[in-house]
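J.: Provide a 3D model corresponding to the input given below.
(2 chains)
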Amino acid sequence: MKTYLHIYMNALAVVLLLMTSCVAHPDVPSTSKDSSDLPAIFPDYCDVTIPYNIAPLNFMLPEGEYDACVARFTTPDGVQQTYGSGVKVMIPETEWRAMMGESKDKSIRVEVWGKKSGEWYAFRPFEIHVASDPIDEYVSYRLIDPTYVAWSRMEIAQRNVTNFEESKIFNNEITSNDRKIGQCINCHSYQNYKTDNMLFHVRLSNASTIIVNDGEISRVNLKRDYTISSGVYPSWHPTEKIIAFSTDLTRQAFHTSNPNKIEVYDLESDMIMYDIETDSVYIVSNDPELLEIYPTWSHDGKYLYYCKSVPLPEEMRDQDIRTTYQKVQYNLYRRSFESATRSFGEEELVYDAASKDKSVTLPRVSPDGKYIMFAQGQYGCFHIRHSDGDIVCLPIGDKLPLDATEEGEASPFIDLSKFNSEGFADSYPSWSSNGRWIMCSSRRGDGIFSRLFYSYFKDGKVEKAFMLPQEDPELNTFRLRCYNRPEFMVEPVTISVAEFSKVFPK
Amino acid sequence: MIQKGKVSSTLLNGSLMAFILFVAYILHFNQEVFYTAYDRSEFLYGSSFFHILFSRPFSLIEYIGSWLTQLFYYPALGSVVLLVIWTFIFFAGINAFKLHGTAKALMMLPVSCLLSSVVDLGYWIYISPVRGYWFSQSIAYLIIMLLLWIARNTPRKCHLLWYVFAFCSYPILGWFAILFVLCLIFIGKPSWRENIGVVLILFAARIWHILLYSNLKFVDVSLGGFPCFETSLDSSTRLTIPFVILGVVTVVLAFCGRYLTKIIVPLACSVACILFTWLFMFNDKTYIDEMRMVRYAEQDNWKEVVEVASKNKRHTASMIMLKNIALMNEGGLLERSFSMGSVAYPIYNPDSVHVDFLEIASPIVCYNYGMFNESIRLNFENAMQSGFSPFHLKSLARCSYACGEDNLLNRYVSHIRHLLFHEDWQPYPISDNLKELVQCYPEELIGVENSDKYIVNNVSMWYESDSKLASEQALYYSMIRCDSGRFWASLRKYVKLHQDASFPKHAQEAYILYMDKSPEEKRMMLPVEESVYVRYQQFWKVLEKRVKSGVKLGDVKEQMHEEWGDTYWYYIIFGTMKY
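T.: As a prediction, the model looks like this:
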């Protein structure tokens, strides 16, 4: 029934649009002062590479600084169109589609003029490169307040990135019956980017995992007496009806003056595997001394990659984790998997981050199996809270660890400098289903409110990242919520919030 | 007959005048409350906030109400707008219910309910989850009065359309759409055809839940817009009473209002309204003074904070912390603090709501002690409950400014500048005191620390700092903690850093006490004034004399307050704020 709400809202939007007499195609200023700088547009779309099917890249000049903005788009066939309303440039979807159609594997030239104190400035033109590789139509993310202990509204939302339609997959209000305990929803996951097999967790009241199996919804409790918690960070096997999870005793503490502000850490952490068809939970690894976390399957399901902590120095092992947290570092490992027998092979070290005084989290293997991407910071397992958190990518070769090089060999690391931010947390990396687009959640805007960023990835070359476009670019400023754990999807979740809520106790 | 007409007219006008004067007085009395209503109510610019609000029935009115709440930035302006709305309600109601003569006075009753509803919140004002509360109910009530007025002037055969209209307007008017229909029913007996409309409205919430609000629980859709005071820890049915009465009164007015034309009606109505509002109003001087201190503290107006604190004798924990910061900035913490009162009294809290220092003043206090991360956290924790109000946005902006987080500051400033009357807003400069204190705060990982106890404990450990200001704070808070160990360490550092200054009065009092009562501690020898020492001896004599078996300590506390309430010794014996 959420579609009714959309129809209602869209109808309202159409009426408002008609009332405001549609789109402005302003004239280019007749006189202006030339500026050698690129325009300070927000979001920054200067010289980015975008998929041809992305929604219009609407942008704006800083509101307090400029009074007006005009942008002229020139497509490769020489057709020009201008846009600008106040300080915003908002392009109608139909006109944008036409531009994209003309510009596949070519570039659009953008000239921007900004009016300041009654005078127009013409900035250095830039280009938007249009790739003919499409991006997955949908992305889902958790929209959350930048919470510490308390929270209220929380939802898993999905966004059609080819337009601006955003809808709820689930929210924590419809089934939250115990106000004292509250309800938290998190960690949505899909099998092979499709939504007929998916899951998300519910914590505290109604604690369970909601699993959609071939479109059938069920509510499962993954906690067993031999596991330390129910399932936490999930990964669907690409072909089998099994899901790998970590099980964690997670805590958070607060920095008194460190700009990172919050520290999230695990006291205990193991890995399990859940067989949906038999409702069985298997232990994958449960080293009592070490922490295993963030399982992820390889593209063909033959390997399970995961992160595992390295032992603390002897003298620190009995100390409170609040004093040792900076020494907790995770390496990347993998184990082969035999789906017929549900058995795992020996552990292999894939990337030795600790030897570089780093810590690895959230690995993701590319759909073609050629690359692995992960978030890396100096310590810990929650880099979205670490300003040094960056995304790292390595080609997967035959030789392990992947970063091992012979004398004279070039560094195997893929250059992600155009994807990562400087001094802000970048985390939750993922690949689009065609492997051409990479995505992360980043706090690069201001250190707190995370947003989604994409980069074009082809043959190990990465282009400049661009922010998920919004219909009104101001939404990026005025939405006081974070985009958490983004996931690509090739199709939308069609199960409504109300249908999901039916598996919960009344 | 003429005589009777004159009497009724005089009674009507007199009663109305008395009620208007009463309303004006109540609004004037609550000016500080209204400012706090503005300060703690969320209204955010942009489509995101609009869409969040738009996901529920009554949301458009709530959005308008949230916008109008900004007018309370100037409480008098907001009050005038409320008065205008209520005046329109009064006249629209008279026409809607076709009230004549003395029956017109009956319209005081709904106005009184609406008035009561904005002055009865008490400490709920800090945690209320109801958006746009201050104006939304009055606006919606005015709309249904106008609709009723129009409906009564349309041909009877059109009434079915009004029922359908009421059904359609449920997403906008919420429970007022149902009230509107009830009024229509009682004004004229519905025909069989109109009964279809009645049935439709009975199922309005269910139908709209299916059509538009399936993402919500049905209970959150039924009676949409009816204020529900419920948080994770608290709930109140008392605060919904004015709305229940409003509904009942409205239906009664529709049913028989026009027949209530007895001469006594105006007098009875005005007395009932005045009594009802007076009984429901949250009337506590400390509550108002506390709000005033928070407002001045937000503006760094420490002189006024001291002024308000000095005039109030029943300080809450929030008031004491704000007073301490004010004295830190104005000077005289160790000379005046106990004289002004450092014994914390619990808030007047008949609803037993879980509101204390955390919700009232913690972000400001942490900010002013240089605990920026903690202030940011507390702002967010509070904002999860009551939204990103101007109080929280400004406080977050100040923290970002102090932390040098420019992009984050710009985001908050963008929000604030889109609020009414804030187009040029910018954070206050970071004071030298703040720059000094922030250096004293060591980096560590802490748990959930929401209380004043954490601040007191932390500041009392600043005795290792070489800051003069920090050493004064450490000494004071070691005294507040009644911690002789930290007192001697702090005193040594204080004396070292304040060699050219006189020995503050309250520090002398503590010094004598700890010399006397904690002989095992590592003491230091300092000269004290003879008068302080003599007074100390007298204090113990009086105390020993008054404390006898069978006498309650509370009684002794009251008896000794007048003469000894300004001393540290009184605090250490009777203070409830022990850490």
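
J.: C-alpha only now, for contacts and for neighbours.
T.: OK.

J.: tell me the contacts of residue 309?
T.: Looking at chain A here, since you left the chain open. With contacts defined as Cα atoms under 8 Å, 6 or more residues apart in numbering or on different chains, A:Ser309 is in contact with A:Leu290, A:Leu291, A:Glu292, A:Val328, A:Gln329, A:Tyr330, A:Asn331.

J.: I was thinking of chain B, sorry if that wasn't clear
T.: By Cα under 8 Å, 6+ apart, B:Ala309 lies in contact with B:Asp289, B:Met293, B:His315, B:Met319, B:Lys323, B:Met340.

J.: Doesn't it belong to a strand?
T.: No: looking at B:Ala309 with DSSP: H, G, I helix; E, B strand; the rest coil, it is helix, so not inside a strand.

J.: Which residues are in contact with the residue nearest to B:Tyr463 when sequence neighbours are not counted?
T.: Using Cα to Cα, 6 or more residues apart in numbering or on different chains and skipping the chain neighbours, the partner closest in space to B:Tyr463 is B:Ser490 (4.8 Å). By Cα under 8 Å, 6+ apart, the residues touching B:Ser490 are B:Ser460, B:Trp462, B:Tyr463, B:Glu464, B:Ser471, B:Glu472, B:Ala474, B:Leu475, B:Ser478.

J.: The closest residue to the first one other than its chain neighbours: how many residues sit nearby?
T.: Spatial nearest neighbour of B:Ser460, excluding adjacent residues (Cα to Cα, 6+ apart): B:Ala474 at 4.0 Å. When neighbours are defined as other Cα atoms under 10 Å in any protein chain shown, B:Ala474 has 29 of them.

J.: Assign B:Val551 to helix, strand or coil.
T.: Under the three-state scheme (three-state DSSP), B:Val551 adopts coil.

J.: how close does it get to B:Glu544?
T.: 12 Å (Cα to Cα, to the nearest Å).

J.: Contact residues of the stretch 301-450 of chain B facing chain A?
T.: For the stretch 301-450 of chain B, the residues in contact with chain A (Cα under 8 Å from any Cα of the partner chain) are B:371-374, B:377, B:380-382, B:384-385, B:405-408, B:411, B:414-415, B:441-448.

J.: any weak-confidence spans in chain B?
T.: Using pLDDT under 70 as the threshold, the predicted model of chain B has low-confidence ranges B:1-2, B:519-522, B:576-579.

J.: Tell me where it has strands.
T.: Listed in chain order, the strands found in chain B under DSSP state E are B:229-230, B:235-236, B:445-446.

J.: quick revisit: sort out for me which of the contacts of B:Ala309 are in helices.
T.: By the criterion of DSSP state H, membership of those in helices covers B:Asp289, B:Met293, B:Met319, B:Lys323, B:Met340.

J.: Just confirm the first one contacts B:Arg314, I think it does.
T.: No: counting by Cα atoms under 8 Å, no contact exists between B:Asp289 and B:Arg314, whose distance comes to 10.0 Å.

J.: Name the residue in these two with the higher neighbour count.
T.: B:Asp289 (22 against 19).

J.: burial count for the nearest residue to that one once chain neighbours are set aside?
T.: Using Cα to Cα, 6+ apart and skipping the chain neighbours, the partner closest in space to B:Asp289 is B:Val308 (6.6 Å). Burial of B:Val308, expressed as a neighbour count using other Cα under 10 Å, amounts to 17.

J.: For B:Val308, give me its contacts.
T.: Under the contact definition (Cα under 8 Å, 6+ apart), the residues listed for B:Val308 are B:Asp289, B:Arg292, B:Met293.

J.: Check which residues of the strand or helix carrying A:Met198 are buried.
T.: Here A:Met198 sits within strand A:194-204, counting by DSSP states H and E. For strand A:194-204, the buried set under the neighbour-count rule, 16 or more other Cα atoms under 10 Å in any protein chain shown, comprises A:Lys194, A:Thr195, A:Asp196, A:Asn197, A:Met198, A:Leu199, A:Phe200, A:His201, A:Val202, A:Arg203.

J.: Rebuild the contacts of B:Val308 as CSV, extending it with distance to B:Ala507.
T.: Compiled in CSV, the contacts of B:Val308 are given as follows (distance: Cα to Cα, whole Å):
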residue, distance to B:Ala507
B:Asp289, 28
B:Arg292, 29
B:Met293, 26
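
J.: And these, which is closest to chain A?
T.: For those, the closest approach to chain A (Cα to the nearest Cα) belongs to B:Met293, at 26.3 Å.

J.: residues touching the closest residue to that closest one other than its chain neighbours, list them.
T.: Leaving aside its chain neighbours, B:Met293 sits nearest to B:Val305 (5.1 Å; criterion: Cα to Cα, 6+ apart). Contact partners of B:Val305, counting by Cα under 8 Å, 6+ apart, are B:Arg292, B:Met293, B:Tyr296, B:Ala297, B:Leu322, B:Lys323, B:Ala326.

J.: now the end-to-end length of stretch B:198-216.
T.: 25 Å.

J.: Return the set of buried residues in it.
T.: Neighbour count says stretch B:198-216 has B:198, B:200-201, B:204-206, B:208-210, B:212-216 buried, by 16+ other Cα under 10 Å.

J.: Ok, stretch B:26-45 next?
T.: B:26-27, B:30-45.

J.: What about chain A: which of those residues touch it?
T.: Intersecting the buried residues of stretch B:26-45 with the surroundings of chain A, defined as Cα under 8 Å from any Cα, gives B:Leu44, B:Tyr45.

J.: Could you count how many residues lie near the residue of the stretch 51-200 of chain B found nearest chain A?
T.: Per Cα to the nearest Cα, the residue of the stretch 51-200 of chain B with the smallest distance to chain A is B:Ser55, at 8.3 Å. Neighbour count for B:Ser55, taken as other Cα under 10 Å: 18.

J.: does the closest residue to A:Lys302 other than its chain neighbours sit in a helix or strand, and which one?
T.: When the adjacent residues along the chain are set aside, A:Lys302 lies closest to A:Phe337, with 5.0 Å between them (Cα to Cα, 6+ apart). Using DSSP H and E, A:Phe337 maps to strand A:330-338.

J.: Could you list every helix and strand that that strand packs against?
T.: The elements that strand A:330-338 packs onto, with contact taken as 3 or more Cα pairs under 8 Å, 6 or more residues apart in numbering or on different chains; DSSP states H and E, are strand A:303-309, strand A:343-351, strand A:359-365.

J.: hey, which of those strands is tucked in deepest?
T.: Each of those was given a mean neighbour count from mean count of other Cα atoms under 10 Å in any protein chain shown, and the largest, a mean of 28, is that of strand A:359-365.

J.: how close does the nearest residue to A:Lys308 once chain neighbours are set aside get to B:Ser478?
T.: Spatial nearest neighbour of A:Lys308, chain neighbours left out: A:Glu292 (4.4 Å); criterion: Cα to Cα, 6+ apart. Using Cα to Cα, we find A:Glu292 at a distance of 45 Å from B:Ser478.
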